[in-house]
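Asker: Predicted coordinates and the sequence they were generated for:
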Amino acid sequence: MEKRKFLKLASAVGVGMLLAPEFLISCSLDPKNSKKKYWVWTNVDKDATDDELRAKFSALKSHGITGLLIGGDDERNYMLARELGLETHIWWWTMNRRDQEIMENHSDWYAINRLGFSCHDNPPYVDYYRWLCPSKIEVQEYLKSQVIELAKKPYIDGVHLDYVRYCDVILPKALWEKYGLVQDHEMPEYDYCYCDTCRDRFKERGGQDPLEMVDPPSHQDWLNYRYDSITSVVNLLADAVHGEGKKISAAVFPTPAIAKKLVRQDWVKWKLDMIFPMVYQGFYNESVEWVAAAVDEGVKALNGKFPMYAGLYMPDLPSPEDLAKAVIFSNMRGAEGSSLFASVSHAHWAAFEKAIAPKQ
């Protein structure tokens, strides 16, 4: 169903009626659905037999999944998935890194907060939050060399960037209670990066030392510097991956506005082949209907630059009808499909299959 028809019906019969299961399924029966793609985030399983992996991947394909975003590098897993016609993209943590070699030999690569503490020694929120500084040439060259190595592997169709951002200067609202915080402003202990490299490069752009600002979070030029620093890293990696003839994508925060405010991602400017905003409505204390608004904002901001796939968080979609709503709302608002994170029940798979079914 076209969006304008949906809005016309909404005003005529009321949104509640439109959310009835039978109406949702009727919306999904669209011939254009056959052109969309559907993904899952998953991990390699080195202990599984070939037959077990074939059964796993065959089941995903039978449910309508067309591509995998795979954490870990194991040629056998990728090749068996590809044999069944699934796209295989390696799911790669980018700026959040605690590799032993970096931790032991390059402590100076890590981001420093406004209080002067490094992620190397004082990770914010949780122990695995070890954020590299995107301004450092050494970091950029290291990430570029790694991504080229991944893109050269013949069994990998693309590279999927994750944690390609700064640390959360503000957490999604639903997480405030978990960490005992009220983040109604930018707190200095979560505000990155204030290392010498960042400060010097910002001053070279005509700005003052951010540590000498009365209120650094209020300075738009300093915000823009951080947005641009992450964008430069992404575009450097994109050029490298494209140079190997492979695709590149990224998992990002749910809307352009939220991404900039919470983690300094200006993802509309990135040189990607596709993007996966994590429209996890529960993280923002929103209902499933919020997915439609978030997707709509992103699609309009991208204006056709590259396709968007709505990242859906299964724990926030407890009923099969919730999953159907999220998938259908995303498609109606211009997403080219969806990607699922976390385990999916049999009942949810059944609802998913109906939601993506093309008209016969």
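Answerer: Alright, I've got the coordinates.
Asker: Tell me which helix or strand Phe329 sits in.
Answerer: Element membership for Phe329, per DSSP states H and E: helix 320-332.
Asker: and that helix, average pLDDT?
Answerer: Mean pLDDT, helix 320-332: 98.
Asker: oh, and call the first residue 583 from now on, that's how I've got it
Answerer: Happy to do that; since the first residue is 583 now, the last one works out to helix 902-914.
Asker: so what does that helix touch, helix or strand wise?
Answerer: Using 3 or more Cβ pairs under 8 Å, 6 or more residues apart in numbering; DSSP states H and E as the contact criterion, the elements in contact with helix 902-914 are helix 603-610, helix 872-884, strand 892-895, strand 919-923, helix 928-938. C-beta coordinates here come from the backbone N, C-alpha and C atoms, glycine included.
Asker: Figure out which of the ones you listed is closest to Trp623.
Answerer: When these are ranked by distance to Trp623, counting by Cβ to Cβ, first place goes to strand 919-923 at 4.7 Å.
Asker: buried stuff in that closest one?
Answerer: Residues 919-923 are the ones in strand 919-923 that count as buried (16 or more other Cβ atoms under 10 Å).
Asker: Taking the residues you listed together, which two end up most distant?
Answerer: Between all members of the buried residues of strand 919-923, the longest pairwise span (Cβ to Cβ) is found for Gly919 and Phe923 and amounts to 14.1 Å.
Asker: Just the pLDDT for the nearest residue to Lys842 once chain neighbours are set aside.
Answerer: Nearest residue to Lys842, sequence neighbours excluded (Cβ to Cβ, 6 or more residues apart in numbering): Asp848, at 5.8 Å. For Asp848, the pLDDT comes out at 98.
Asker: What are the boundaries of the strands in the protein?
Answerer: With DSSP state E, the ranges of strands along the chain come out as 619-625, 649-653, 669-675, 740-744, 829-834, 856-859, 892-895, 919-923.
Asker: Stretch 621-630 - what's its average pLDDT?
Answerer: If you average the pLDDT over stretch 621-630, you get 98.
Asker: I misspoke; the intended subject was stretch 852-871.
Answerer: Averaged across stretch 852-871, pLDDT comes to 98.
Asker: Please compute how far that stretch lies from its chain's middle.
Answerer: 7 Å (Cα atoms, centre = their mean, to the nearest Å).
Asker: now the helices for this protein?
Answerer: 585-595, 597-600, 603-610, 632-645, 657-665, 682-687, 719-733, 778-786, 802-825, 838-845, 872-884, 902-914, 928-938 (DSSP state H).
Asker: Which one of the ones you listed lies nearest to Gly762?
Answerer: For Gly762, the closest of the helices of the chain is helix 838-845, at 18.2 Å, according to Cβ to Cβ.
Asker: Packing partners of that closest one?
Answerer: With contacts taken as 3+ Cβ pairs under 8 Å, 6+ apart, helix 838-845 sits against helix 872-884.
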